[in-house]
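K.L.:
Quick one: sequence and predicted model below, then my questions.
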Amino acid sequence: MNSGDCLYIWQRPDWPHWRYELSALAEPMLQVSRAQGQLLGRLADVGLGSRGEAQLAALTDDVLQTSAIEGEHLAVASVRSSIARRLGVDIGSLAPADRHVEGVVEMTLDATTRHAAPLTPERLLAWQAALFPTGYSGLTPITTGAWRDDVRGPMQVVSGPTTRQRVHFEAPLAHRLRSELSVFLRWLNDPTPSDPALIRAGLGHLWFATLHPFDDGNGRIARAVGDLLLARADRSPQRFYSLSAQIQRERKAYYDMLERTQKGSMDVTEWLRWFLDMLSQALSQAHGVLDAVLRKARFWQGLQGATLNERQVKVLNRLLDGFDGKLTSSKWAALAKCSSDTALRDINDLVERGILFKTTAGGRSTSYELKPPGSAQRGA
């Protein structure tokens with residue numbers, strides 16, 4: 001960084017006075033508002049059980065994908081169990097607690113369920129500490145529960161091999177963080193904001209990502225800040241869509257847009273238009289999640305009164321939640337933690353009841369699928 005050069009947005013003399021063309025964002029905001037209304041309208045017509053399942057699905061996706069954006073892949077069962085435990089949603093047996101997963105879940109739920117509470121420095125520090133319970137990011141020791149100090153040099157976002165790294169962004173120096181965060185949090189907690197609620201969500205996400213105040217975890221916390229502001233916009237602690245999942249689907253575009261914006265002017269209309277488009281697509285995806293939840297509810301309603309054992313219920317739920325690959329007797333045995341003979345008896349029982357059917361492949365390739373909706377028979 002050369003002295004006197006304005007390479008990054010935070011070096012501009014008008015920082016942090018954001019500008020945007022509201023007229024250019026009016027239509028995208030209207031589309032998001034319509035999509036929010038349509039989703040909430042559908043949710044109003046379903047039972048509490050289905051609403052809980054839809055919220056569980058959205059939050060599970062959010063936790064998994066906000067970590068995947070950073071290249072970290074969490075265990076689906078651990079994440080789902082952790083959220084279900086907190087929401088009080090019955091999913092049968094729960095996976096063992098994983099303290100790393102617990103930290104991400106705690107941050108995500110704190111951001112949304114306590115969206116009306118002020119966002120304070122202490123709360124941000126607690127989020128970051130929860131993300132790294134061991135004090136390590138991978139094999140690297142990091143400062144947790146405290147702002148970065150830049151002892152090892154300025155905070156930079158880089159890519160490429162160590163010998164030829166490309167610097168995408170450099171954050172403000174550490175000595176500026178307290179004053180910068182004070183301005184940011186005063187804006188975020190303003191009880192009478194002048195910016196539209198959806199615009200504030202996009203600005204808050206960008207602003208925090210630009211400050212980059214921690215050794216690690218800045219991207220996940222920036223998205224949590226955005227989710228907190230979206231929950232305020234929705235006036236609801238319940239989440240039925242995942243913006244992080246949509247960002248993960250557009251991961252390269254996300255980083256490209258961030259870099260372009262952080263090297264641009266204080267006019268962030270382009271970033272906000274992109275943010276609103278991602279939000280609109282996330283809401284569209286939520287309808288598919290709700291469809292799956294309702295299919296699952298109808299499936300179990302059709303089997304009301306049927307006597308199934310715990311293993312059968314567990315594996316059927318896995319199939320309904322989305323099962324990778326073909327269901328074989330060996331996979332059933334692994335999922336249900338039972339012998340191959342017991343697995344085959346469970347499967348044959350469901351085939352006789354008309355709940356499962358055997359696919360055309362035979363021998364070692366024999367696999368089973370759920371019968372189409374409406375064709376399952378109620379068993380005694």
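P.N.:
Happy to help now that I have it. Residues are numbered from 1 along each chain as shown.

K.L.:
can you count the residues close to residue 247?
P.N.:
Using other Cβ atoms under 10 Å, residue 247 has 26 other residues around it. Heads up, the C-betas are built off the backbone N, CA and C, glycines and all.

K.L.:
so how far is residue 148 from residue 40?
P.N.:
Plainly put, residue 40 is 40 Å away from residue 148 if you go by Cβ to Cβ, to the nearest Å.

K.L.:
Compare these two and say which one has the larger neighbour count.
P.N.:
A count of neighbours by other Cβ under 10 Å puts residue 148 above the other of residue 40 and residue 148, at 20 against 13.

K.L.:
tell me the SS of the more buried one?
P.N.:
coil (DSSP: H, G, I helix; E, B strand; the rest coil).

K.L.:
any idea of the pLDDT on the closest residue to it other than its chain neighbours?
P.N.:
Nearest non-adjacent residue to residue 148, counting by Cβ to Cβ, 6 or more residues apart in numbering: residue 215, 5.0 Å away. Per-residue pLDDT puts residue 215 at 95.

K.L.:
What of residue 50?
P.N.:
84.

K.L.:
what does residue 324 give?
P.N.:
75.

K.L.:
how many other residues sit next to it?
P.N.:
Look at residue 324: counted by other Cβ under 10 Å, it has 6 neighbours.

K.L.:
before we move on, what about the one 3 residues further on?
P.N.:
The number of residues packed around residue 327, counting by other Cβ under 10 Å, is 20.

K.L.:
which residues touch it?
P.N.:
315, 319, 367-369 (Cβ atoms under 8 Å, 6 or more residues apart in numbering).

K.L.:
Most neighbours among the residues you listed, please name it.
P.N.:
Ranking those using other Cβ under 10 Å puts residue 315 first, with 26 neighbours.

K.L.:
Distance check, that residue against residue 350.
P.N.:
From residue 315 to residue 350 the distance is 9 Å (Cβ to Cβ).

K.L.:
ditto for residue 55
P.N.:
Residue 55 is 29 Å from residue 350, by Cβ to Cβ.

K.L.:
if we can go back for a sec, the residue nearest to residue 148 contacts residue 145, correct?
P.N.:
No. Counting by Cβ atoms under 8 Å, residue 215 stays clear of residue 145, with 10.5 Å between them.

K.L.:
Looking at these two, which is more packed in?
P.N.:
residue 215 (21 against 15).

K.L.:
Now do the contacts for residue 347.
P.N.:
329, 332, 356, 368.

K.L.:
Residue 230 too?
P.N.:
So residue 230 contacts 198, 201, 243, 279 (Cβ under 8 Å, 6+ apart).

K.L.:
Skipping its backbone neighbours, what lies nearest the most centrally placed residue in the chain in space?
P.N.:
By Cα atoms, centre = their mean, the chain has its centre lying nearest to residue 62, at 1.2 Å. Spatial nearest neighbour of residue 62, excluding adjacent residues (Cβ to Cβ, 6+ apart): residue 242 at 4.0 Å.

K.L.:
Relative to residue 333, how far out is the residue nearest to residue 326 when sequence neighbours are not counted?
P.N.:
Of all residues not flanking residue 326 in the chain, residue 367 sits nearest, at 3.7 Å (Cβ to Cβ, 6+ apart). Using Cβ to Cβ, we find residue 367 at a distance of 14 Å from residue 333.

K.L.:
need the next SSE after the helix or strand hosting the residue nearest to the centre of the chain, C-terminal direction.
P.N.:
Residue 62 belongs to helix 48-68 when assigned by DSSP states H and E. Later in the chain than helix 48-68, the nearest helix or strand by DSSP H and E is helix 76-87.

K.L.:
CA atoms only for that following helix, dumped as PDB, please.
P.N.:
The C-alpha trace of helix 76-87 is given here as PDB (Å, rounded to 0.1, in the frame of the first residue of the first chain):
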ATOM      1  CA  VAL A  76     -24.800 -32.500   8.900                       C
ATOM      2  CA  ALA A  77     -26.000 -34.800  11.700                       C
ATOM      3  CA  SER A  78     -24.200 -32.800  14.400                       C
ATOM      4  CA  VAL A  79     -25.500 -29.500  13.100                       C
ATOM      5  CA  ARG A  80     -29.100 -30.700  12.700                       C
ATOM      6  CA  SER A  81     -29.000 -32.300  16.200                       C
ATOM      7  CA  SER A  82     -27.600 -29.200  17.800                       C
ATOM      8  CA  ILE A  83     -30.200 -26.900  16.300                       C
ATOM      9  CA  ALA A  84     -33.100 -29.300  17.000                       C
ATOM     10  CA  ARG A  85     -32.100 -29.500  20.600                       C
ATOM     11  CA  ARG A  86     -32.300 -25.800  20.900                       C
ATOM     12  CA  LEU A  87     -35.500 -25.400  19.000                       C
END
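
K.L.:
and after that helix, which helix or strand comes next?
P.N.:
Following helix 76-87 toward the C-terminus (DSSP H and E): helix 99-113.

K.L.:
Outside of that following helix itself, list whatever touches it.
P.N.:
Contacts of helix 99-113 (Cβ under 8 Å, 6+ apart): 59, 62-63, 66-67, 74-75, 78-79, 82-83, 86, 123, 127, 129-134, 220-221, 224-225, 227-228, 231, 237-239.
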